[in-house]
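In: Pasted the sequence and its predicted model underneath.
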Amino acid sequence: MRHFSLIVGVAAALAACSDPKASEPADAPAAATQPPGRSAVYQAATEGAEPFVRAVYAMYEAGATGEPPPPGRDPMYGRTFNAAVGADFRQNQGQVPFLDFDPVCGCQDGQVRLTSVTVTPTERFKADAAIAFTVDGQAKTQVLKLEREGQSWKIADVIPAGQSSLLERIIATLE
């Protein structure tokens, strides 16, 4: 009986020292609590590179992209990428610009499904996101070059599998 009392006493002392919140799950990032869409993407961009990429593809999976901003003014993309897209659009006014597809999916439409994301930091405020996804069941891979501008992560470039930098290809078409 004496040993039982000792064990109960030790267990009670240990329980009193433990953190009562330790067993509760951590709060989900704010973007994860929002429905997929541009608002969730913009929120996730402030939470980290991987939450940002996942929110972008969740928006596409849900078909919640909404009306895109004018060419060259999309807050999901970095300044240089936006400048190149805007110049491409202005240069080809009335004609089909070089970038005549959505860089996130490499498509003009279709059902996008994210398969995997691996984010690797490359230097301070920059990272590569290796993305695997499908568009209407067709498997695709690409790397999103990410950079942090201010408090938000942005897509600085897109490199589809077997191709060169999309940003460099856009810039090469500009006069």
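Out: Sure, I can see it. Numbering: from 1, shown residues only.

In: what are the ranges of the strands in the chain?
Out: 112-123, 126-135, 138-149, 152-160 (DSSP state E).

In: Out of the ones you listed, flag the one nearest Y42.
Out: Nearest to Y42 among these is strand 152-160; the distance by CB to CB comes to 7.3 Å. Just so you know, the C-beta spots here come from the backbone N, C-alpha and C atoms, and that holds for glycine as well.

In: ok, and what's touching stretch 114-121?
Out: Here stretch 114-121 makes contact (CB atoms under 8 Å, 6 or more residues apart in numbering) with 49-50, 53-54, 57-58, 60-61, 127-134, 139, 146.

In: run the last query once more with 7 Å
Out: Stretch 114-121 has contacts (CB atoms under 7 Å, 6 or more residues apart in numbering) with 49-50, 53-54, 57, 61, 127-134.

In: excluding its backbone neighbours, what's nearest G106?
Out: Excluding its sequence neighbours, the residue lying closest to G106 (CB to CB, 6 or more residues apart in numbering) is P160, at 5.4 Å.

In: What is the burial count for that neighbour?
Out: Neighbour count of P160, defined by other CB atoms under 10 Å: 15.

In: Pairing partners for it in the sheet, please.
Out: The partner list for P160 in beta bridges (DSSP bridges) reads Q142.

In: unless I'm mixing things up, it is touching K145, no?
Out: No. In this structure P160 lies outside contact range of K145 using CB atoms under 7 Å: 12.0 Å.

In: What ranges does the chain have for its helices?
Out: In the chain, the helices defined using DSSP state H lie at 2-17, 38-44, 49-61, 79-91, 166-173.

In: Redo the ones you listed as CSV? Include mean pLDDT, distance to T122 and mean neighbour count.
Out: As requested, those are exported to CSV (pLDDT from 0 to 100; distance: least, CB to CB, whole Å; neighbours: other CB atoms under 10 Å):
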stretch, mean pLDDT, distance to T122, mean neighbour count
helix 2-17, 43, 42, 9
helix 38-44, 95, 20, 21
helix 49-61, 96, 10, 23
helix 79-91, 95, 16, 18
helix 166-173, 96, 16, 16
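
In: Of all those helices, which one is nearest C107?
Out: Of all those, it is helix 49-61 that lies closest to C107, at 9.4 Å by CB to CB.

In: just to revisit the earlier point, of the strands of the chain, which stretch is the most buried?
Out: strand 152-160 (a mean of 21; mean count of other CB atoms under 10 Å).

In: tell me the contacts of the residue nearest to the spatial centre of the chain?
Out: Residue closest to the mean C-alpha point of the chain, counted by CA atoms, centre = their mean, is V53 at 1.1 Å. By CB under 7 Å, 6+ apart, the residues touching V53 are 117, 119, 129, 131, 144.
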